[in-house]
Each structure stands twice: as structure tokens, then as C-alpha cells.
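> Requesting a structural model of the entry that follows:
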Amino acid sequence: MKKQTNKTASGMNVEKAKQQNAQAGANNQNYGTEFASETNAAEVKRQNQQAEANKKNASQNNQQNR
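Numbering: from 1, shown residues only. Prediction:
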């Protein structure tokens, strides 16, 4: 069987996949920054600190109840 250099073992056309990936990348140039502008970093830090405090309190309460 002759090996085709532009296809994978499963028969996928590599060049077509590259073209589709490039096109998808061009359409999503702002992906990642789209949500970053809506995120309040200070609020996220506060929520993370609160969650850590809640975990510590829960752990301490769990140990006291033993």
C-alpha cells in the first residue's frame, strides 16, 4: 500500500486540517480577552480568600467534632 504524505494513518487530510485550524484561529483572535475584561481581579482574590477561610474553618470544626 502506497503511503500518502498528506494524510494521517486514519485518513485525515492534514492540509485541510491545517487550513481549518488557521481559519478557526483567525475567527477567535479575541478569545481569552473576551472574558478578561469582565473579570474583577480584586473581587476574585477576595472570593478566593473567603473560600480558603471557609475550608480552614470547616476543617477545624471537623476535627473538633471527632
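> can you pull out the helices in the chain?
Remark: helices assigned in the chain by DSSP state H are 14-27, 33-36, 41-64.
> any chance of those helices in TSV, plus mean pLDDT?
Listed next are the helices of the chain as TSV, based on pLDDT from 0 to 100:
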stretch	mean pLDDT
helix 14-27	81
helix 33-36	61
helix 41-64	89
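> Make JSON lines out of the ones you listed and add mean neighbour count.
Every residue, glycine included, has its C-beta placed from N, CA and C. Listed next are the helices of the chain as JSON lines, based on neighbours: other Cβ atoms under 10 Å:
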{"stretch": "helix 14-27", "mean neighbour count": "10"}
{"stretch": "helix 33-36", "mean neighbour count": "9"}
{"stretch": "helix 41-64", "mean neighbour count": "10"}
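> Between those helices, which one is closest to T8.
T8 lies closest, by Cβ to Cβ, to one member of the helices of the chain: helix 14-27, at 6.4 Å.
> Just the C-alpha atoms of stretch 41-58, please, in CSV.
Presented in CSV, the C-alpha positions along stretch 41-58 are these (Å, rounded to 0.1, in the frame of the first residue of the first chain):
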residue,chain,number,x,y,z
ALA,A,41,-9.4,40.7,39.9
ALA,A,42,-9.8,42.2,43.3
GLU,A,43,-13.2,40.5,43.7
VAL,A,44,-11.8,37.2,42.6
LYS,A,45,-9.0,37.5,45.2
ARG,A,46,-11.5,38.3,47.9
GLN,A,47,-13.6,35.3,47.0
ASN,A,48,-10.6,33.0,47.0
GLN,A,49,-9.5,34.2,50.4
GLN,A,50,-13.1,33.7,51.7
ALA,A,51,-13.1,30.2,50.3
GLU,A,52,-9.8,29.4,51.9
ALA,A,53,-11.0,30.7,55.3
ASN,A,54,-14.2,28.6,54.9
LYS,A,55,-12.1,25.5,54.2
LYS,A,56,-9.9,26.1,57.3
ASN,A,57,-13.0,26.7,59.5
ALA,A,58,-14.7,23.5,58.2
